[in-house]
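S.K.: Just the structure for this:
(one chain, ligands or ions: 3)
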Amino acid sequence: MSRDAVIFVNLGTPESPTPQGVRRFLREFLSDRRVVEIPRLIWWPILYGVILPFRPNRVAHAYQSIWTEAGSPLKVLTENLVDQVKQSLLEVLGEKTPEVYCAYTYGQPSIARQIAQLQNQGVERFLLLPLYPQYSATTTGSVYDQYARIIKSSRNVPDVRIQKSYYQRQDYVAALVQSVKAHWQEHTPAQKLLFSFHGIPKRNVELGDPYQAQCIATAESVAQALDLPADRWLVSFQSRLGKAEWLKPYTDVVLSEWPAEGVESVDVICPAFAIDCLETLEEIDVENRELFLASGGKRYQYIKCLNDNSAHVFMFSNIVLEHFA
Ligand SMILES: C=CC1=C(C)c2cc3[nH]c(cc4nc(cc5[nH]c(cc1n2)c(C)c5CCC(=O)O)C(CCC(=O)O)=C4C)c(C)c3C=C
Ligand SMILES: [Fe+2]
Ligand SMILES: [Fe+2]
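M.R.: Ligands and ions are numbered 1, 2, ... in the order given. Got it, this is the predicted structure:
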């Protein structure tokens, strides 16, 4: 057993694609103050009176349409990536390879459970690797919160480092560029490349969340490396929830307006997601495809997340090697 461990952290996903499974997941996720900052007195009635009674039925159908025999794509694909990174590290480090596990901010296995189990087995140093290239308080911030909770209840605190973001890494940008180029080798490039990032409320950015700037920087680096002129690409934000204003432009609005402006073909990539999940496989690849085609668009291509592709595995192995060097 190594004294070092890497724990990849993803958001989490329902245990089953049923209304009960989705309700349990949404209750935990949407109770996190980092995710929804509305004062509790206002939020609890909305969450318990409107969202939890009604949303799980609709969302469970969406999960059912992407669910696999092995479970939720988010979990299956996260585990695949983790296995590949472990293999790659074994090739470089042999018996000095750290332990490599995954955990989820919401649901099981939790970060606390993985750290406790590994500590019991003699692990002393941890690297938490949140699978969010761009930092947001709503995602990576919650990983820091969980770490803080562990520390608060520990006598012998674990030695933990957290990778706050990685959107600026050259090997991350290279992995995205390679993925777009591979797509363009198989399919004619579309008129537009749309970088659709998960949205957050606009107010969060006004209060200091650096997420929007990091999304734009990511897209600019990729567009520059692809030699794409400014009129061939755009950044948009998807998956908004509720009535407040979120980061704009909204992905669904862009896709429904483009055909009237003469945009007939679009390639969509979602760099805020390291791993394909409901928000990419269903919202982008199904719902938004239908919207674009129903609005008069002719050709819609979704470029998958980096998942366990070799450039992605290479990048994470580099991060691990740098941390434990
Ligand atoms: C309500 C506020 C939400 C914020 C803020 C938010 C930010 C955010 N989320 C991700 C990544 C993922 N989100 C996923 C699902 C999802 N997200 C929200 C809400 C917010 N997200 C909800 C309610 C859901 C569940 C589905 C639904 O009810 O519509 C997922 C996918 C999970 C899966 O099981 O596949 C991911 C991943 C990021 C990166 C982000 C901000 C940067
Ligand atoms: Fe989300
Ligand atoms: Fe969604």
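S.K.: Is Gly21 in contact with Ala60, as I believe?
M.R.: Yes. If you go by Cβ atoms under 8 Å, Gly21 and Ala60 touch, sitting 7.2 Å apart. In short, each C-beta sits where N, CA and C put it, glycine included.
S.K.: Quick check: neighbours shared by these two?
M.R.: Common contacts of Gly21 and Ala60, defined by Cβ atoms under 8 Å, 6 or more residues apart in numbering, comprise Pro14.
S.K.: can you give me phi and psi for Gln238?
M.R.: Dihedral angles of Gln238 (phi, psi; degrees, to the nearest 10) stand at phi -110, psi 180.
S.K.: The stretch 51-200 of the chain: strands as residue ranges?
M.R.: For the stretch 51-200 of the chain, the strands defined by DSSP state E, counting those that start in this stretch cover 99-104, 125-130, 159-162, 192-198.
S.K.: right, is stretch 108-120 up against ligand 1?
M.R.: No. Applying Cβ under 6 Å from any ligand atom, one finds stretch 108-120 separated from ligand 1 by no less than 13.6 Å.
S.K.: gap between that stretch and the chain center?
M.R.: Between the centre of stretch 108-120 and the centre of its chain there are 21 Å (Cα atoms, centre = their mean, to the nearest Å).
S.K.: got the CA coordinates for it in CSV?
M.R.: Written as CSV, here are the backbone C-alpha positions of stretch 108-120 (Å, rounded to 0.1, in the frame of the first residue of the first chain):
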residue,chain,number,x,y,z
GLN,A,108,-21.3,7.7,-2.4
PRO,A,109,-18.5,7.1,-2.1
SER,A,110,-18.0,10.5,-0.5
ILE,A,111,-14.7,12.2,-0.1
ALA,A,112,-14.8,11.7,3.7
ARG,A,113,-15.4,8.0,3.3
GLN,A,114,-12.5,7.5,0.8
ILE,A,115,-10.1,9.5,2.9
ALA,A,116,-11.1,7.7,6.2
GLN,A,117,-10.7,4.2,4.5
LEU,A,118,-7.4,5.1,3.0
GLN,A,119,-6.0,6.6,6.2
ASN,A,120,-6.9,3.4,8.0
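S.K.: is any part of the longest helix along the chain close to ligand 1?
M.R.: Secondary structure of the chain per DSSP state H: the longest helix is helix 73-93. Yes. Contact of helix 73-93 with ligand 1 (Cβ under 6 Å from any ligand atom) involves Leu74.
S.K.: Can you report how many residues lie near Asp285?
M.R.: Neighbour count of Asp285, defined by other Cβ atoms under 10 Å: 18.
S.K.: Need the nearest residue in space to it, chain neighbours excluded.
M.R.: Once flanking residues are discounted, Asp285 sits nearest to Tyr302: 4.3 Å by Cβ to Cβ, 6 or more residues apart in numbering.
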